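Colleague: What would the 3D arrangement of this be:
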Amino acid sequence: MHNGKLTSLRDGNEFVDHDYGDIFFRQPMSTGERLVIGPSREHVKIMLSLAQSWPTQEFYVLYVLLASHSGADTGRYESPLLESFKELDAFFHTYKSFFESDGRHHIWIGSATNEGLIIFDQHNVIFAYGDLTRYEHTLIDYGLSQHEFWFPSPHGHGFPPANVHLEEKVLRHFSWRYSPLQDGDEY
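Modeller: Model prediction:
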């Protein structure tokens with residue numbers, strides 16, 4: 001039985017909740033590097049800790065809805081400027097269980113001054129851009145270790161039926177600025 005955001009095939013016949021095992025690694029990109037982070041739990045707490053390390057505490061949130069069960073338009077929903085960490089923290093803690101249990105979306109935290117970007121994607125992985133050395137110290141403090149990994153194959157995405165009302169609440173939370181999905185949003 002599985003209820004999780006990401007499931008993988010076990011013993012060739014049963015999908016079970018997938019756990020990366022509290023690991024992370026630096027991934028080279030065409031320009032620079034990013035961290036790929038596979039926590040076993042507390043994804044929102046880790047995201048917020050990384051964002052809280054930015055010198056300027058003003059943020060944007062991007063909610064990328066890939067599949068709707070409430071009838072909402074799939075697409076990108078950008079928040080207005082959040083002018084404090086307290087405001088960011090309140091939003092994420094209000095919907096923590098939804099973000100950590102539902103595989104229909106990605107959620108991003110961006111620095112208003114381009115100091116970093118944190119993406120929690122539908123594969124239960126966090127991608128972090130910015131001061132990677134500072135992030136690594138935070139991750140080690142949380143008990144994560146360095147080890148390369150990637151998405152399991154085959155895998156599935158969970159979306160508990162009880163989350164439909166939470167999707168609706170998230171989309172009412174801000175006066176979001178909507179734009180269509182972009183290439184690369186669905187992978």
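Colleague: When you work out contacts or count neighbours from here on, use the C-alpha atoms and nothing else.
Modeller: OK.
Colleague: need the contact list for the residue most central in space within the chain.
Modeller: Centrality entry for the chain: nearest residue to the mean C-alpha point is F120, 1.3 Å, by C-alpha atoms, centre = their mean. F120 makes contact with 43, 47, 106-108, 126-127, according to C-alpha atoms under 8 Å, 6 or more residues apart in numbering.
Colleague: which strand residues sit across from it in the sheet?
Modeller: Bridge pairing for F120 (DSSP bridges) gives the partners I107, I126.
Colleague: quick one: it and L48, what's the gap?
Modeller: Here F120 is placed at a distance of 11 Å from L48 (C-alpha to C-alpha, to the nearest Å).
Colleague: Worst mean pLDDT across the helices and strands of this structure, which element?
Modeller: The element with the least model confidence among the helices and strands of the chain, by mean pLDDT, DSSP states H and E, is strand 155-157, at a mean of 65.
Colleague: Pull out the buried positions in the helix or strand just after that one.
Modeller: Once strand 155-157 ends, the next helix or strand along the chain (criterion: DSSP states H and E) is helix 164-173. Using 16 or more other C-alpha atoms under 10 Å as the burial criterion, the residues of helix 164-173 that qualify are 164, 166-167, 170.
Colleague: could you point out which element follows helix 164-173?
Modeller: strand 177-179.
Colleague: quick check, distance from that next one to the centre of its chain.
Modeller: Chain-centre distance of strand 177-179: 19 Å, with C-alpha atoms, centre = their mean, to the nearest Å.
Colleague: and H93, helix, strand or coil?
Modeller: Put simply, H93 is helix when judged by DSSP: H, G, I helix; E, B strand; the rest coil.
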